[in-house]
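> requesting a structural model of the entry that follows:
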Amino acid sequence: MDPPAERSRPIGVTALRLGLFVAVMVVLGGVALRSPTNPAASGRSPVAPTTTTSTTAPFPPTTTVPPPPTWVTAWTSPTDLRLGTAVDATARDVVPVPLAGTAVEFRLSNAWSTTSTTFSAVTVGVQQSGAAVVPGSITPVTFAGSTFVTVAPGGYVTSDPVALTAHAGESLSVSMAVPGPAAVSVHDCCAGSIDSYVTGNGGGDQTGNPGAGPFITSSFTMRWLSALVVAGSGSPGTVVAFGDSITDGFANHGFSWVDALQERIAQLGPDQQMAVVNEGISGNTLTTFPPGTTYAQDSGGPPGVTRLGPDALSLPGVKDVVLFLGTNDIWFGAGGSDPYRPIPPYGTAPAIESAMQSVIAETHDAGLKIFGVTLLPRASSSGVPGEEPEVWTPADQGTLDAVNDWMLSPGTGFDGVINLAAVMGDVYGTACRPLAPYAPYYSADNLHPDTAGQTAMADAVPTALLGMPVAPLIPVTPAVALTPGCSGASVAAQVLALAQAPAPTPPPTTTTTTTTTTTTTRPVHRDPPRPVAGGTADPWFPLTLGVVLLGAVVTFALIWTRTRPLRSRSSPRRLKGGTHARRKVGAHSRQKAPAPIPAPPSGS
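Numbering: from 1, shown residues only. The predicted structure is shown next:
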């Protein structure tokens with residue numbers, strides 16, 4: 001007889017299990033393809049680090065304006081020398097406030113002292129007039145929570161924030177008391193401007209006194225105070241005017257192009273205004289000179305390449321630097337007051353240009369922009385009260401011209417150049433001498449601009465270049481006209497027109513997008529839908545296929561298991577050697593050989 005039918009059922013069960021497994025895998029694959037976590041399901045490719053530059057956009061781009069800095073520097077006074085020693089005394093410095101704010105900080109300088117300086121008390125109040133402070137406005141200033149602070153030799157310290165509402169246009173009085181002997185680090189400029197008051201030695205702590213009586217000395221020498229920082233102004237940032245006596249306002253009672261430019265900016269909206277802080281030092285050079293050959297040791301301050309960090313890049317909220325240095329380098333390099341004893345290679349055009357490139361690189365490394373200002377025309381001076389005669393030779397003028405030509409050439413590294421030299425040349429009325437100073441714009445020394453000249457310079461500064469709207473001009477008195485037909489006057493006209501030109505607007509966009517992609521890893525592109533008969537791929541197709549396959553496998557398995565016993569009983573007897581003979585059983589088969597057919601009983 002045939003083996004029992006049940007022995008063939010494992011084949012059907014195995015097929016059923018295999019079919020179920022395959023169908024389930026197909027179904028799960030379809031679910032995964034539909035899953036929102038699979039980027040391909042929504043037509044998005046997996047994220048890869050890319051840098052994309054689009055020349056056009058299908059919709060107008062959304063301009064995201066970064067939030068303004070929390071703190072912006074609103075005023076500065078770079079210290080440039082040591083002036084005497086204070087003992088048990090109080091100094092009161094007056095600070096103009098160009099930007100409104102809800103809190104302030106102050107930076108004190110001990111840059112010119114070889115010993116530590118201790119301040120036993122510091123206060124701030126609103127100036128009433130002179131050394132007097134508005135009663136009730138005095139507020140203590142702390143440092144790390146303490147009312148006193150010790151500043152290391154050559155160092156600086158910044159106060160804690162002071163909750164004080166500052167109003168644009170007012171002035172704050174900062175009072176500083178020192179108990180013991182303290183070297184006084186000062187900013188020494190400019191005659192005619194009074195911004196500091198001091199008691200005599202032994203005058204004691206007067207920081208809480210609103211009266212002016214104890215402050216017996218007034219001067220233009222700012223003591224210790226080097227920066228005012230404001231919070232809550234809404235200003236987009238600070239511009240640092242980094243220069244020499246021309247920027248400092250020397251020979252003009254301290255009024256410079258920085259002050260006139262701030263007057264222009266004050267006519268803009270509050271959230272459009274930036275503070276332009278004055279980091280000019282009279283006698284300052286850009287490059288480093290041998291000791292004793294410049295004013296660096298007694299009033300000229302450290303060279304620009306040295307003081308750029310502490311006096312500009314380290315200030316909170318700085319956005320741009322305007323570099324306006326180099327004319328003193330030429331003069332000192334030619335021998336200074338002794339023009340017949342030059343000291344090359346100091347003060348040469350290559351030396352100045354190399355130093356400018358160093359300043360440019362350092363500023364860019366700090367993530368800031370830097371704009372250069374061409375060196376102004378100048379001439380020899382026969383001497384003015386308090387000053388020695390100065391000689392300006394043709395060789396000096398040649399060096400200045402070479403530096404300006406280099407600055408105006410492409411590839412210097414500047415983010416822009418403001419050609420103030422063109423505006424200050426003698427190209428007005430009927431004159432046409434662009435390399436000579438225009439006398440009505442200069443003081444008697446033929447070097448330092450007067451109020452008209454400083455104002456004309458400020459009007460030639462493009463505020464749009466500094467990230468602001470075009471600011472209204474300050475009228476220059478007396479008004480003058482450029483010389484017709486003079487090439488130098490044409491250049492000046494172009495400079496003045498540029499100062500009133502708005503920032504360029506982005507080109508209009510179209511609906512066509514061209515994208516250039518640069519990647520550091522293999523890019524993963526978006527795959528288009530794969531075509532199928534009749535159209536694009538249906539994302540439900542894997543699920544449908546899985547269900548159909550599952551049904552087919554189950555049906556096949558059921559038919560197999562039900563029809564197998566019938567086929568076994570109806571199949572012909574498998575005889576040895578016949579067509580349907582069973583295959584030889586292997587040595588390791590667990591099946592037993594079929595039992596022999598019993599012989600029929602006798603007699604049948």
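
> can you give the contact residues for stretch 387-405?
Outside stretch 387-405, the residues that touch it by CB atoms under 8 Å, 6 or more residues apart in numbering are 326-327, 330-331, 333-334, 337, 339, 347-349, 352-353, 374-375, 378-383, 421, 435, 445-447. C-betas here are computed from N, CA, C, even on glycine.

> so for it, mean pLDDT?
Per-residue confidence for stretch 387-405 averages out to 93 on the pLDDT scale.

> do stretch 331-340 as well
Per-residue pLDDT over stretch 331-340 has a mean of 88.

> and stretch 282-297, how far out from the chain's middle?
31 Å (CA atoms, centre = their mean, to the nearest Å).

> pretty sure residue 180 sits against residue 85.
No - in this structure, residue 180 sits apart from residue 85 without contact. The criterion is CB atoms under 8 Å, and the distance is 9.8 Å.

> now the contacts of stretch 387-405: which count as buried?
Among those, those classed as buried by neighbour count (16 or more other CB atoms under 10 Å) are 326-327, 330-331, 333-334, 339, 347-349, 352-353, 374-375, 378-379, 381, 421, 435, 445-447.

> among those residues, which are in strands?
Helix and strand membership here follows DSSP state E; of those, those in strands are residue 435.

> how about residue 459, what does it touch?
For residue 459, the contact set (CB under 8 Å, 6+ apart) comprises 260, 264, 473, 474, 476, 496, 499.

> what about the fifth one, how many neighbours?
Okay, so that is residue 476. A count of nearby residues for residue 476, using other CB atoms under 10 Å, gives 19.

> quick check: mean pLDDT of stretch 108-116?
According to the model, stretch 108-116 has a mean pLDDT of 97.

> endpoint to endpoint, that stretch covers what distance?
Criterion CA to CA, to the nearest Å; first-to-last residue distance in stretch 108-116 is 12 Å.

> again, but for stretch 330-342
When the termini of stretch 330-342 are compared using CA to CA, they are 10 Å apart.

> ok, stretch 425-441 next?
End to end - CA to CA - stretch 425-441 spans 9 Å.

> phi first, then psi, for residue 307.
The phi and psi torsions at residue 307 (degrees, to the nearest 10) take the values phi -90, psi 0.

> can you classify the residue lying closest to it once chain neighbours are set aside by secondary structure?
Using CB to CB, 6 or more residues apart in numbering and skipping the chain neighbours, the partner closest in space to residue 307 is residue 301 (6.5 Å). With DSSP: H, G, I helix; E, B strand; the rest coil as the basis, residue 301 sits in coil.

> got the contact list for residue 301?
Listed by CB under 8 Å, 6+ apart, the contact partners of residue 301 are 78, 79, 80, 81, 281, 283, 284, 307.

> and the residues you listed, which of them are in helices?
The helices in this structure, assigned by DSSP state H, contain residue 307 from the contacts of residue 301.

> against residue 182, how distant is residue 319?
Relative to residue 182, residue 319 is positioned 35 Å away (criterion: CB to CB, to the nearest Å).

> burial check on residue 156, number of neighbours?
Neighbour tally, residue 156, other CB under 10 Å: 17.

> who's it bridged to?
Taking DSSP bridges, one finds residue 109 as the beta-bridge partners of residue 156.

> could you check how far it is from residue 241?
Between residue 156 and residue 241 the computed distance is 20 Å (CB to CB).

> same check, this time on residue 339
Shown here: residue 339 relative to residue 241, a distance of 29 Å by CB to CB.

> about what we covered before: most neighbours out of the contacts of residue 301, which is it?
For the contacts of residue 301, neighbours were counted by other CB under 10 Å; the highest total belongs to residue 281, with 34 neighbours.

> ok, it to residue 99 distance?
The spacing between residue 281 and residue 99, counted by CB to CB, is 23 Å.

> then residue 317?
In this structure, residue 317 and residue 99 are 10 Å apart, going by CB to CB.

> need the overlap of contacts for these two.
With the criterion set as CB under 8 Å, 6+ apart, the overlap between the contacts of residue 317 and residue 99 is 72, 235.

> and these two? Which one has more around it.
The residue with the greater number of neighbours, taking residue 317 and residue 99 and applying other CB under 10 Å, is residue 99; the counts read 26 against 22.

> assign a three-state SS to the more buried one, would you?
Assigned state for residue 99: coil (three-state reduction, three-state DSSP).

> OK, contacts around it?
Contacts for residue 99 were tallied using CB under 8 Å, 6+ apart; they are 72, 74, 166, 168, 230, 233, 235, 273, 275.

> adding secondary structure, write the residues you listed out as a markdown table.
Conversion of the contacts of residue 99 to a markdown table gives the following (three-state DSSP):
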| residue | secondary structure |
| --- | --- |
| 72 | strand |
| 74 | strand |
| 166 | strand |
| 168 | coil |
| 230 | strand |
| 233 | coil |
| 235 | coil |
| 273 | coil |
| 275 | strand |
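
> now the strands for the stretch 1-150 of the chain?
Along the stretch 1-150 of the chain, the segments classed as strands by DSSP state E, counting those that start in this stretch run 50-54, 71-76, 81-86, 89-96, 103-109, 117-119, 121-129, 132-133, 139-140, 149-151.

> gap between the longest one and the chain center?
What separates the centre of strand 121-129 from the centre of its chain is 33 Å, taken as CA atoms, centre = their mean.

> what is that strand packed up against?
With contacts defined as 3 or more CB pairs under 8 Å, 6 or more residues apart in numbering; DSSP states H and E, strand 121-129 has these neighbours: strand 103-109, strand 132-133, strand 139-140, strand 171-178.

> any chance of CSV for those, columns mean neighbour count and distance to residue 120?
Formatted as CSV, the entries for the helices and strands packed on strand 121-129 read as follows, by neighbours: other CB atoms under 10 Å; distance: least, CB to CB, whole Å:
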stretch, mean neighbour count, distance to residue 120
strand 103-109, 23, 13
strand 132-133, 22, 18
strand 139-140, 14, 12
strand 171-178, 24, 5
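
> I'd like those strands written out as JSON lines, with distance to residue 394 added.
Below are those laid out as JSON lines (distance: least, CB to CB, whole Å):
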{"stretch": "strand 103-109", "distance to residue 394": "41"}
{"stretch": "strand 132-133", "distance to residue 394": "53"}
{"stretch": "strand 139-140", "distance to residue 394": "58"}
{"stretch": "strand 171-178", "distance to residue 394": "46"}
